[in-house]
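**Student:** 3D model of this:
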Amino acid sequence: MIRKLPYIIIGLVLIAVVISNICFEVTPKTKVLLTQFGKIVGHGYSPGLHFKIPFIQDVSVYDGRILTLDNQTQTFTTAGNQNLDVAYFVKWKVSNAETYYQTTTGQQLVAMDRLSALINSGLRNEFAAAKEPAAVNFTGPALLAGLGENKRKQVHDLGIELLDLRIRSITVAQAEVDAIYARMRAEQGRIASNFREIGEQKARNIRSNADGKAAKLLAQAENQAQEIRAQGDARAAEIEAAEYARDPEFFRFYQSLTAYKEALSGGKDVLVMSPNSQFFRYLSNADGKR
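**Tutor:** Next up is the predicted model:
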């Protein structure tokens, strides 16, 4: 008996392998296809245990639950030529396992890639028809309807049912933001340049007015000074004439002293003149007579 134990174990393993290749289970969460040499020979199985030809027929199991496609951010352009970065997600499920297998070879990544391309194309058309982002209806049913009948049919032809489509976020594209800031800087620079030009013009006007007023005031002051000097000279002449008439000899003596002061205050050590000159008459004679 002990010698036969290895053979018994091998036999049990073979039986288990055969049974596992004969039976397959379908759950409410899965959709199953039975293929033979790549050709579909069975589909639409109800939940429960089913049988197949071992080693000849293969079972393809697909998730029948609601799946989520969380798409990467895409850039769409509105009718107003505004670039927007849009992030969205899609709720979908496999509706027809046979069609799903034929169009995507049953690979979920292939299915999501094709689904993403169709949704991107539909949303691009939806945004291109809107002048402003607010014109796009972001509610699920309306957004699905906005994809267009043709896009929805193409999704259906993949064996996929679209359940919901929602926008996760919308932001102005970075390139658009940079362009807006550049336009703002240019506009503010233009306004600043205009203010500087206006300020410089006002400054020139103020300086011109101030220079004109200063020249006018200087001219008026010079005229007043000349008038005052003329009046002073006239008054001095009157005083001089009156003093001369009152005491001519004293006046001549005063004039001589003034002449001495001016002649001798120049810093010169030698003054060469004739001794008989009238200039020294008061130095030679107190009466000023020769």
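**Student:** Only C-alpha atoms from now on, for both contacts and neighbour counts.
**Tutor:** OK.
**Student:** residue ranges with poor pLDDT in this structure?
**Tutor:** Across the chain, the ranges flagged by pLDDT under 70 are 1-20, 131-140, 247, 249, 252, 257, 259-290.
**Student:** what kind of secondary structure is residue 33 in?
**Tutor:** strand (DSSP: H, G, I helix; E, B strand; the rest coil).
**Student:** Can you name the residues that contact it?
**Tutor:** Taking Cα atoms under 8 Å, 6 or more residues apart in numbering as the criterion, residue 33 is in contact with 40, 41, 42, 43, 44, 45, 59, 60, 61, 97, 98.
**Student:** And the last one, which helix or strand is it part of?
**Tutor:** Assigned by DSSP states H and E, residue 98 belongs to helix 97-104.
**Student:** helices or strands up against that helix?
**Tutor:** strand 30-36, strand 39-43 (3 or more Cα pairs under 8 Å, 6 or more residues apart in numbering; DSSP states H and E).
**Student:** Who does residue 89 form a beta bridge with?
**Tutor:** Beta bridges link residue 89 to residue 70, residue 166, judged by DSSP bridges.
**Student:** thinking again about what came up before, looking at the helices and strands packed on helix 97-104, which is closest to residue 67?
**Tutor:** Closest approach to residue 67 among the helices and strands packed on helix 97-104 is made by strand 30-36 (12.3 Å; Cα to Cα).
**Student:** Now do the buried residues in the helix holding residue 98.
**Tutor:** 97, 98, 99, 100, 101, 104 (16 or more other Cα atoms under 10 Å).
**Student:** could you dump those residues to JSON lines with distance to residue 211?
**Tutor:** JSON lines is the format used below for the buried residues of helix 97-104 (distance: Cα to Cα, whole Å):
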{"residue": "97", "distance to residue 211": "95"}
{"residue": "98", "distance to residue 211": "96"}
{"residue": "99", "distance to residue 211": "93"}
{"residue": "100", "distance to residue 211": "91"}
{"residue": "101", "distance to residue 211": "93"}
{"residue": "104", "distance to residue 211": "88"}
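**Student:** Show me which of these is closest to residue 239.
**Tutor:** residue 104 (128.6 Å).
**Student:** Provide a list of residues in contact with the closest residue to residue 77 other than its chain neighbours.
**Tutor:** Computed as Cα to Cα, 6 or more residues apart in numbering, the closest residue to residue 77 that is not its neighbour in sequence is residue 83, at 4.5 Å. By Cα under 8 Å, 6+ apart, residue 83 lies in contact with 75, 76, 77, 172, 173, 175, 176.
**Student:** and which of those is nearest residue 108?
**Tutor:** residue 75 (24.7 Å).
**Student:** That closest one: how many residues sit nearby?
**Tutor:** Residue 75: 17 surrounding residues under other Cα atoms under 10 Å.
**Student:** Quick check: which helices or strands does whatever helix or strand residue 58 lives in pack against?
**Tutor:** Assessed by DSSP H and E, residue 58 sits inside strand 57-63. With contacts defined as 3+ Cα pairs under 8 Å, 6+ apart, the packing partners of strand 57-63 are strand 30-36.
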